[in-house]
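S.K.: need a structure here:
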Amino acid sequence: MKRTNYCGDITAALLGTKQTLCGWVNSYRNHGGVLFIDVRDRSGICQVVVEPSRPFFDIAYGLRNEYVIEVTGTVQRRIEGAVNPNMKTGEIEVVAEDLKVLNTSIPLPFDVDKSRGVAEEIRLKYRYLDLRNPKMFANLYLRHRIAQAARRYLDANGFIEVETPVLTRSTPEGARDYLVPSRVHHGEFYALPQSPQMFKQTLMASGIDRYFQLARCFRDEDLRADRQPEHTQIDMEMSFVTIDDIHEIVEGLMKEIFKTAGKDLQTPFIKLPFDEAMDRFGSDKPDLRYSLEIKNVSSIFANTGFKVFKDVLAANGSIYALRGEKGAAYSRGHLDKLTELAKKNGAKGLVWLKVKGGAFEGPSAKFFTPEEMKAVLNVVQAQDGDVILIGSDVNKRTCQSFMGALRKELVKELPAQKEWAFAWITNFPLLEYIPEEDRWDAAHNPFTAAVEEDLPNLEKDPGSVRSYQFDLVLNGNELASGSVRNCRREVQERILALMKHSKEDAAIRFGMLLNALEAGAPPHGGIGLGLDRITALLAGEESIREVIAFPKTAQAVCPLTESPNKVDENQLKELGIAIVKE
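M.R.: Numbering: from 1, shown residues only. Below is the predicted model:
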């Protein structure tokens with residue numbers, strides 16, 4: 001090794017020793033003929049002093065930012081008044097005795113230490129420069145430590161790391177597959193896995209008992225800040241377990257992961273059935289750092305004269321209300337924006353009532369009796385100076401959802417009551433109806449088991465069947481999704497039949513797993529945790545792109561490699577593919 005230590009590790013403990021540093025010129029200053037060069041590597045910055053009497057002074061004088069250099073010198077204490085208490089190396093400097101330029105640098109499109117303020121597409125185009133930013137390195141290093149903590153914990157708990165194929169067959173799992181054409185078998189395709197679902201269940205049928213991997217998953221779906229075409233999940237599966245067993249393992253894992261970031265978690269996490277989460281928070285991933293809840297006020301308006309509410313209740317719909325703290329000060333424009341937010345999430349309109357001096361103000365206030373308004377005020381615990389938002393819909397779930405979107409917006413103005421708020425959301429519906437296709441589809445995962453007592457209703461009332469599906473939620477973000485799986489072929493085929501997969505079609509699409517299930521597969525369950533999202537939250541980042549070394553843009557483009565790109569006609573010919581122009 002050329003270096004003896006990293007730049008950031010040169011402290012007062014090494015005074016008087018000779019050290020060799022290798023890194024980039026972060027900055028350079030000429031003070032009365034003496035050069036001060038800040039040398040940077042992944043660990044931090046160390047100040048190097050070059051005196052004019054040194055034979056390499058002219059070389060040092062010609063240095064520029066981002067030149068790569070090697071410096072050998074003696075560690076000495078900085079003079080009084082030059083100490084920087086904000087730097088780990090702020091007490092010392094290295095007096096250069098030799099200096100070599102290992103590589104020069106062209107003028108760069110942006111300063112490395114200011115890259116976070118540059119347009120994202122430019123940052124991604126020059127990602128090799130962006131990653132030199134100390135914050136970006138810290139994010140990747142945190143990701144590394146999380147991955148290692150997961151491996152250590154799972155190994156200690158009897159899990160075996162097994163790699164599953166990346167080239168597999170296309171199976172419906174909720175998103176579009178990325179397809180890979182076969183050169184050997186013209187007209188046939190592999191698919192990149194959306195998850196290792198069928199393989200990890202097959203491993204349970206193989207007697208592996210406890211499996212995990214840091215699995216790459218590929219989904220061709222519309223992107224958001226928390227989505228990428230390819231992402232990594234800490235994937236695991238266990239045999240002979242209950243939901244509580246899986247939760248206990250995952251809670252222990254999260255404690256270990258958060259410990260790497262200096263955070264101490266309290267377990268067990270709270271558990272909320274899906275129906276309760278929707279009824280109280282209007283979301284299956286509620287941010288529980290805030291106590292604010294939506295309230296079902298349908299009974300209050302049972303005899304209302306307000307036609308909108310009356311018609312909704314006549315159609316067996318629902319009415320929900322929400323307190324907006326200090327919302328009486330909202331302008332009409334602000335309230336219109338909240339109304340538009342509700343409409344974007346399915347509402348047809350929104351009623352708002354400002355609470356002022358014991359009276360209620362708003363365009364709809366005249367339609368309500370004093371008894372109705374007082375009852376709503378008491379239920380949502382509104383105070384003078386607040387606003388009450390009331391939504392209604394003939395579909396209860398729709399009403400819950402748009403009121404949940406309003407809650408998510410309102411809590412942005414409230415102080416968080418805790419730093420980390422974990423929750424298990426349990427008992428999701430097993431299936432959801434797709435009217436335009438006249439079929440049922442898996443609400444989460446087609447291999448999830450139904451709650452045993454609900455199985456008799458599977459064919460006669462599919463929508464009422466609860467599942468052993470669960471999500472792990474943190475601060476309003478879904479971190480993980482898992483379930484206890486079907487371990488009996490006949491039950492799995494009944495569920496697939498409701499999804500309009502015949503036995504023959506199911507055998508073609510899912511034959512590997514179905515065959516394994518009828519060959520003595522044990523009861524089993526598992527979960528996949530989003531490594532990117534966990535890292536982003538611990539790093540304080542909004543977007544998972546900030547914790548992935550080489551991410552794609554929101555348009556699924558990589559500016560660094562300029563992909564996706566057109567390929568040579570000969571390559572297409574070998575694959576038996578012709579591009580059809582629209």
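S.K.: For the rest of this, base every contact and every neighbour count on C-alpha atoms.
M.R.: Fine.
S.K.: avg pLDDT for the longest strand belonging to the chain?
M.R.: In the chain, with assignment by DSSP state E, the single longest strand is strand 18-31. Mean pLDDT, taken over the full extent of strand 18-31, equals 96.
S.K.: Other residues contacting stretch 574-582?
M.R.: Residues outside stretch 574-582 that contact it (CA atoms under 8 Å, 6 or more residues apart in numbering): 181-184, 186-187, 572.
S.K.: in it, what counts as buried?
M.R.: 575-576 (16 or more other CA atoms under 10 Å).
S.K.: Which of the three states applies to the closest residue to Lys418 other than its chain neighbours?
M.R.: Spatially, and ignoring its direct neighbours in sequence, Lys418 is nearest to Arg289 (5.3 Å; CA to CA, 6 or more residues apart in numbering). Of the three states, Arg289 takes coil under DSSP: H, G, I helix; E, B strand; the rest coil.
S.K.: same question, Phe470
M.R.: strand.
S.K.: Is it bridged to anything, and to what?
M.R.: Thr426, Gly482 (DSSP bridges).
S.K.: burial count for it?
M.R.: Neighbours of Phe470 under the rule other CA atoms under 10 Å: 25.
S.K.: average pLDDT for stretch 206-217?
M.R.: Here the average pLDDT along stretch 206-217 is 97.
S.K.: okay, it in CSV with CA atoms only?
M.R.: Taking Å, rounded to 0.1, in the frame of the first residue of the first chain, the C-alpha atoms of stretch 206-217 are listed here in CSV:
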residue,chain,number,x,y,z
SER,A,206,-36.4,-28.3,-0.1
GLY,A,207,-35.8,-28.4,3.7
ILE,A,208,-33.5,-25.3,3.8
ASP,A,209,-35.6,-24.1,6.8
ARG,A,210,-34.2,-20.6,7.0
TYR,A,211,-33.1,-18.7,3.9
PHE,A,212,-32.0,-15.1,3.2
GLN,A,213,-30.2,-13.0,0.6
LEU,A,214,-29.7,-9.4,-0.4
ALA,A,215,-31.8,-9.9,-3.5
ARG,A,216,-31.9,-7.7,-6.6
CYS,A,217,-35.5,-7.1,-7.7
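S.K.: Domain-wise, how is this protein divided?
M.R.: 7-103, 290-413 (automatic domain parsing).
S.K.: Beta-bridge partners for Lys356, please?
M.R.: Ala359.
S.K.: that older thread, could you redo the contacts of stretch 574-582 as CSV and give each row secondary structure and neighbour count?
M.R.: As requested, those are exported to CSV (DSSP: H, G, I helix; E, B strand; the rest coil; neighbours: other CA atoms under 10 Å):
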residue, secondary structure, neighbour count
Pro181, strand, 16
Ser182, coil, 14
Arg183, coil, 16
Val184, coil, 10
His186, coil, 12
Gly187, coil, 11
Leu572, helix, 15
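S.K.: May I ask which two of those residues are separated the most?
M.R.: Within the contacts of stretch 574-582, Val184 and Leu572 form the most distant pair, 12.9 Å apart (CA to CA).
S.K.: quick one on the thing from earlier: between the contacts of stretch 574-582, which sits nearest Lys552?
M.R.: Distances from Lys552 to the contacts of stretch 574-582, taken by CA to CA, are shortest for Pro181, at 22.2 Å.
S.K.: so the closest one touches Tyr190, yeah?
M.R.: Yes: using CA atoms under 8 Å, Pro181 makes contact with Tyr190 at a distance of 6.2 Å.
S.K.: which residues in the stretch 51-200 of the chain form helices?
M.R.: For the stretch 51-200 of the chain, helices defined by DSSP state H, counting those that start in this stretch occupy the ranges 57-61, 120-125, 127-130, 134-156, 197-205.
S.K.: wait, Val68 sits on Ala60?
M.R.: No: taking contacts as CA under 8 Å, Val68 lies outside contact range of Ala60: 11.6 Å.
S.K.: hang on, the earlier thing: so what are the sheet partners of the longest strand of the chain and their directions?
M.R.: Assessed with DSSP bridges, strand 18-31 is paired to strand 34-41 (antiparallel), strand 68-77 (antiparallel).
S.K.: Just give me the neighbour total for Glu230.
M.R.: 16.
S.K.: Nearest residue to it in space, please, no chain neighbours.
M.R.: Phe218 (4.5 Å).
S.K.: try Val112
M.R.: Val112 sits nearest to Asn133 (CA to CA, 6+ apart), 5.5 Å away.
S.K.: what bridges to Asp393?
M.R.: Ser318.
S.K.: residues contacting it?
M.R.: Neighbouring residues of Asp393 by CA under 8 Å, 6+ apart: 312, 317-319, 347-348, 399.
S.K.: let's go with 6 Å and repeat that
M.R.: Asp393 makes contacts with 312, 317-318, 399, as judged by CA atoms under 6 Å, 6 or more residues apart in numbering.
S.K.: can I get those in JSON lines with pLDDT, neighbour count and distance to Asp336?
M.R.: As requested, these are arranged in JSON lines below (pLDDT from 0 to 100; neighbours: other CA atoms under 10 Å; distance: CA to CA, whole Å):
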{"residue": "Val312", "pLDDT": "97", "neighbour count": "18", "distance to Asp336": "22"}
{"residue": "Gly317", "pLDDT": "97", "neighbour count": "19", "distance to Asp336": "24"}
{"residue": "Ser318", "pLDDT": "98", "neighbour count": "23", "distance to Asp336": "22"}
{"residue": "Cys399", "pLDDT": "98", "neighbour count": "27", "distance to Asp336": "18"}
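S.K.: Please consider this matter closed, and thank you.
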